[in-house]
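> from the sequence below, what's the structure:
(2 chains)
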Amino acid sequence: AQSVTQPDIHITVSEGASLELRCNYSYGATPYLFWYVQSPGQGLQLLLKYFSGDTLVQGIKGFEAEFKRSQSSFNLRKPSVHWSDAAEYFCAVGDFQKLVFGTGTRLLVSP
Amino acid sequence: KAGVTQTPRYLIKTRGQQVTLSCSPISGHRSVSWYQQTPGQGLQFLFEYFSETQRNKGNFPGRFSGRQFSNSRSEMNVSTLELGDSALYLCASSFSPRTSGRNTGELFFGEGSRLTVL
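As a prediction, this is how the structure comes out:
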């Protein structure tokens, strides 16, 4: 069965510091992997996606993620966090028609 | 280009009632998916429609149903509401090439309909 684990429920990062959000997945075939962000009262916005090819993918807002098959991981990174990045981040895996989401990581940004 | 529009944004119902939520996808998108988001269960897939046909269904009871119209707009219905149905219901649309019907992988989400069941 497909599953996604985001081990960190909350993370607090100082503004300007680097960020890494962890995501581990379980999937029977080559996974399609996604990171979404949700601001309060909003829907989800796609940050980036991995289908195949280069394992380091670039997304919007300065985010990147690296697919590591051996570790079944797809961690999200950003070199310098801005206060506007405070939100909830969801990792997801699935085929094109159905996604399985992790439980999310809430990012807090301190001044 | 207008985004995914969901109506109503907020609604309150009582147990035993039914509710219908509406979703208008991005113009040209033919696939519409529905997700339920709750603090306890997170984001869970309800169902997905393409060209008026349900292609995928999640593990929800039969009280949850949906449909898609010829203009790709979609509705979902929940009958005999229970307290546990209180949630944010998110609709997402995606582009599916006519030839294969497969999505390109990016789901565009609406802002959701927040249902409270009293």
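> low pLDDT regions in chain B?
Chain B contains residues with pLDDT under 70 at B:1, B:96-105.
> go again using 80 as the cut-off
By pLDDT under 80, the low-scoring segments of chain B are B:1-2, B:96-106.
> excluding its backbone neighbours, what's nearest the most centrally placed residue in chain A?
The residue lying closest to the centre of chain A (C-alpha atoms, centre = their mean) is residue A:35, at 3.7 Å. Nearest residue to residue A:35, sequence neighbours excluded (C-beta to C-beta, 6 or more residues apart in numbering or on different chains): residue A:47, at 4.4 Å. For every residue, glycine as well, the C-beta is placed using N, CA and C.
> and that neighbour, what pLDDT?
We have a pLDDT of 95 for residue A:47.
> I figured it hits residue A:64, correct?
No. Using C-beta atoms under 8 Å, residue A:47 is not in contact with residue A:64, being 9.3 Å away.
> hang on, isn't the residue nearest to the centre of chain A packed against residue A:91?
Yes. Here residue A:35 reaches residue A:91: they are 5.7 Å apart, a contact under C-beta under 8 Å.
> what do the two both touch?
With contacts defined as C-beta atoms under 8 Å, 6 or more residues apart in numbering or on different chains, the residues shared by residue A:35 and residue A:91 are A:21, A:23, A:74, A:76.
> identify the farthest-apart pair in the residues you listed.
Using C-beta to C-beta, the two most remote members of these are A:21 and A:74, lying 9.8 Å apart.
> okay, those two: which has more neighbours?
residue A:74 (28 against 24; other C-beta atoms under 10 Å in any protein chain shown).
> quickly find the element holding the more buried one.
Using DSSP states H and E, the element containing residue A:74 is strand A:73-78.
> secondary structure element holding the residue nearest the centre of chain B?
Per C-alpha atoms, centre = their mean, the C-alpha nearest to the average position across chain B is that of residue B:34, at 2.9 Å. Using DSSP H and E, residue B:34 maps to strand B:31-38.
> show me what from chain A comes close to chain B.
Counting by C-beta under 8 Å from any C-beta of the partner chain, the residues of chain A lying close to chain B are A:32, A:34, A:36, A:41-46, A:49, A:51, A:90, A:92, A:96-104.
> quick check: phi and psi at the residue lying closest to residue A:7 once chain neighbours are set aside.
Excluding the flanking residues, the one nearest residue A:7 by C-beta to C-beta, 6+ apart is residue A:22, at 5.6 Å. For residue A:22, the backbone dihedrals (degrees, to the nearest 10) come out as phi -90, psi 150.
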